Every structure is written in structure tokens, then in C-alpha cells.
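Participant: turn this into a model:
(chains A and B)
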Protein chains: 2
Amino acid sequence: MSDPKKTSLDASQPLDPRVETLVNELIGRVADKWTMLLLEVLEDHGECRFTRLAQLTPGISQKMLTQTLRQMERDGLVHRTVHPVIPPKVEYRLTDLGQSLGEAFCGVWHWAEANLEKVETARHAFDGRA
Amino acid sequence: MSDPKKTSLDASQPLDPRVETLVNELIGRVADKWTMLLLEVLEDHGECRFTRLAQLTPGISQKMLTQTLRQMERDGLVHRTVHPVIPPKVEYRLTDLGQSLGEAFCGVWHWAEANLEKVETARHAFDGRA
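Facilitator: Numbers count the residues shown, from 1 in each chain, chains lettered A, B, ... in the order given. Below is the predicted model of the structure:
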């Protein structure tokens, strides 16, 4: 992209294909709607139980929430604490790594807020032509 | 997130639910692996034909490339030019809006490059426990 610091992904520079593959795979993993929304929810609300996360993330299914939290835990983005009580209490919070990814996604949130109307206008124009 | 400019998505601030729904929907649309990778490819390589985009985006199927480009065109991120020649020549380039989204995603690319090893380490630790 146009950031001068981002030299290693600049197509004009030689890039280790192994690094490129790994970055692409990682982008594929984290560039997921639910991951982005859960990073936002956990950043805004701090440590949360599963049911609270489900309430705070409208539209997510139980299955998708379970799956996304498990992937985020595996990637080191989320820490899962099991409290040994009856019934079991499980809480999720962002790790430092998850926090830093949330901050990196800030630019995308800003973009979405700032460009909402432009996208809506483009869609109407496209649908009018189709 | 923690950016002080981002007041309208701060959970402590009242937020128009319509705006929140639209931003979430938009994030869902753009937070897609292939959209992110195509923004990167089009930014690095400029205007490209379909077959060139397919070569530059390893792992993408023809169907997914067609579908992603169509969504990006509908959202106003990509401009599609059809040259009236035989055989037809179709080229794709980023619009200003697409360019600005690519720049917003820069932070995520940087994060991925910078934190590749931490994620790998977390995954190995998780898989060792599982």
C-alpha cells in the first residue's frame, strides 16, 4: 500500500514468499467480520462471559461465536478464563496481542463510518444499472 | 476502540442504532479476505485484467474472483472498464474510495507482518494443550 514504512509488502521489493504466504494466511484469518466485531466488543466492554458476548454481537449464532472465540484464543488474541464454580463460569478478554489488532482495525472502522454514504450511493447507482 | 477521535463507536456514547447497523454491515462486507487481498493487489499493480488479477491472487477461484470484484464494484471500490474489442477486454482499477480503504487496511497488514511469530507461537501452544 502507499505507506512508506510498508516496504516488505511493496511489489517493487523482493519478498520472501514464505512471509507473504503467512501474512496472507493471517490476513485471511483475522479479516473476518466476526473477529473484527468481537475485537470491538471486547475492547469496549472488557472481560465478558459467553452469553454477554452473544448479546453484544447482534446476529452472531452460538455456533459461530464458539468457533470464532476458539480461533481467536488459538491465535493468541483472546484469553479464556474458566472459573471452577458450579455452574462453570467462563470469561473472555483480549490479550495484548488482541488489543493491538483491535487498534490496527481502528482505521477500517473510521473508514466505514466516514464512507457509509458513499458506499450506499454507489450501491444504488450499481443496482440502478443492473 | 481506544482512539479518542472514534467517539461515535464508543460504547459510553449514545449511538444511532441505524448508523451502528450500517457500519457493522459494511465492516462485514469489507472485512473479507479476498476483498483485502484484491485491494492490495490493485494498489500494488494498478489497473489489471481479470486473468492478471487471478494470477496475482494465489488461491482465489474464478468464481470467487468474479463475485468479489462484482461486490467491490457495487460498493464503489473498483471501477470496471469494458473495452469494445474482440475478444472483449475488461480491466479493473481502484476508485478513490477503494484506494482510501486500502490505506485504512494498512494498519492490519503492518500488524500481521509484525506479529506473525507471536501468532505462530500462540497456535503451537494452543495445539499442544488441545
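
Participant: quick one, helices of chain A?
Facilitator: A:17-30, A:33-45, A:50-56, A:62-74, A:96-129 (DSSP state H).

Participant: buried set for the fourth one?
Facilitator: So that's helix A:62-74. By neighbour count on 16 or more other CB atoms under 10 Å in any protein chain shown, the buried set for helix A:62-74 is A:Leu65, A:Thr68, A:Leu69, A:Gln71, A:Met72, A:Glu73, A:Arg74. Where C-beta positions appear, they are placed from N, C-alpha and C, glycine not excepted.

Participant: among these, list the two that are farthest apart in space.
Facilitator: A:Leu65 and A:Arg74 (14.9 Å; CB to CB).

Participant: so what's the closest residue to A:Met64 other than its chain neighbours up against?
Facilitator: Nearest residue to A:Met64 in three dimensions, chain neighbours excluded: A:Trp34, at 5.9 Å (CB to CB, 6 or more residues apart in numbering or on different chains). Residues in contact with A:Trp34 (CB atoms under 8 Å, 6 or more residues apart in numbering or on different chains) are A:Thr57, A:Ile60, A:Met64, A:Leu65, A:Thr68.

Participant: cutoff 7 Å now
Facilitator: Residues in contact with A:Trp34 (CB atoms under 7 Å, 6 or more residues apart in numbering or on different chains) are A:Ile60, A:Met64, A:Thr68.

Participant: any chance of the helices of chain A in JSON lines, plus mean pLDDT?
Facilitator: Conversion of those to JSON lines gives the following (pLDDT from 0 to 100):
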{"stretch": "helix A:17-30", "mean pLDDT": "67"}
{"stretch": "helix A:33-45", "mean pLDDT": "89"}
{"stretch": "helix A:50-56", "mean pLDDT": "94"}
{"stretch": "helix A:62-74", "mean pLDDT": "94"}
{"stretch": "helix A:96-129", "mean pLDDT": "88"}
